[in-house]
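Enquirer: Fold the following and give me the result.
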Amino acid sequence: MPILKSRTVKLDIDAISRDVVTVGLKMVTRVFDTGFHRHRKAQCVMAVSGVLTCEADGTIWIVPPQAAVWVPPGIEHRITMAGDVEGYNAFVEPSAARNLPAACCTINATPLLRELIVRTAQYPLDLADGGMESRVASLLLEEIAIAEVGHLHLRMPKDRRLRAVFESITDSPSDRKTLAGWAKRHAMSERTFARLVVAETGMSFGRWRQQLGVILAIQRMAEGASVQQVAGELGYESVGSFVTMFRKALGTSPGRYMAGRTS
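Expert: I've put the predicted structure just below:
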């Protein structure tokens, strides 16, 4: 199987007419961005270590270790990677993806699903369909079809002012500017700004910012930052306040969440 260890390696996956073609990925990177692109095949990207994020259809999905993101055929998307990244890309022919999710989503990678992706990555790229390899690929598709859908996603605003807010928070997450502060910066009333956020993201500003904070926290912890470091970087006055927010969002503490993703 090809294990891509450089961002300069290019493979014409769409030219390979096989139901499932899986490629491994391993690189250490602070940040790597594929840029927006699309391909004929569907794609299931699983993170073994590091954190991947996928932006498509105006939404960002976070893919922590031991999870995966599903991208249907022909959907324009962008994938970014952070940390010591190891993962697998399973590319699926559109005809074989008809019973799989019709929209982008994250899925919880069960042990069986993970093993099936790793197993299909051991097959040569020029392998013909048929035999045991095809049966393994078929089972992989069945596992994707029944996988539990995750909820770590964030709708991205199209409005340029809100995109600027997103970029500012991402660049300086410790800036705890209030809704009133952001509204003033963009010469808007608080009510207008609040309504715009709901219209663009489907969430209140506080909820949207909290979800973004969870995504940033998981990215940093996957890079090796401690809970204490992340709490400080996100501008929380105490570790306890950060842990409480994280627990309310995901139902468990940051430490337990990351431990469950590396076991």
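Enquirer: Doesn't Asp129 belong to a strand?
Expert: No: Asp129 sits outside any strand when classified using DSSP: H, G, I helix; E, B strand; the rest coil, being coil.
Enquirer: okay but it is in contact with Asp19, surely?
Expert: Yes: at 6.4 Å, Asp129 counts as touching Asp19 under the criterion of CB atoms under 8 Å. To be clear about C-beta, it is placed using only N, CA and C from the backbone, and glycine gets the same treatment.
Enquirer: Compare these two (neighbour count), which wins?
Expert: Counted by other CB atoms under 10 Å, Asp129 and Asp19 do not tie: Asp19 has more neighbours, with 19 against 12.
Enquirer: And Val48, how far from Val118?
Expert: 9 Å (CB to CB, to the nearest Å).
Enquirer: what is in contact with the two at once?
Expert: Counting by CB atoms under 8 Å, 6 or more residues apart in numbering, the shared contacts of Val48 and Val118 are Tyr88.
Enquirer: quick one: which of the two has more around it?
Expert: Taking other CB under 10 Å, Val48 and Val118 do not tie; Val48 has more neighbours (19 against 15).
Enquirer: Report the contact partners of that one.
Expert: Val48 touches Pro65, Gln66, Glu86, Gly87, Tyr88, Arg114, counting by CB under 8 Å, 6+ apart.
Enquirer: for it, helix, strand, or coil?
Expert: strand.
Enquirer: And for the one 3 residues further on?
Expert: Under three-state DSSP, Val51 falls in the strand class.
Enquirer: Repeat that for the one 10 residues further on.
Expert: Under the three-state scheme (three-state DSSP), the conformation of Trp61 reads as strand.
Enquirer: thinking it is in contact with Thr53, fair?
Expert: Yes: counting by CB under 8 Å, Trp61 touches Thr53, with 6.7 Å between them.
Enquirer: What values do phi and psi take at Ser17?
Expert: The phi/psi pair for Ser17 (degrees, to the nearest 10) reads phi -90, psi 70.
Enquirer: List the contacts of it.
Expert: Going by CB under 8 Å, 6+ apart, Ser17 touches Glu93.
Enquirer: sorry, back to before: with secondary structure as added columns, please give the contacts of Val48 in CSV.
Expert: Formatted as CSV, the contacts of Val48 follow (three-state DSSP):
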residue, secondary structure
Pro65, coil
Gln66, coil
Glu86, strand
Gly87, strand
Tyr88, strand
Arg114, helix
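Enquirer: part of a helix, is Glu55?
Expert: No: assessed with three-state DSSP, Glu55 is strand; it does not lie in a helix.
Enquirer: Buried residues, stretch 14-21. List them.
Expert: For stretch 14-21, burial by neighbour count (16 or more other CB atoms under 10 Å) applies to Arg18, Asp19, Val20, Val21.
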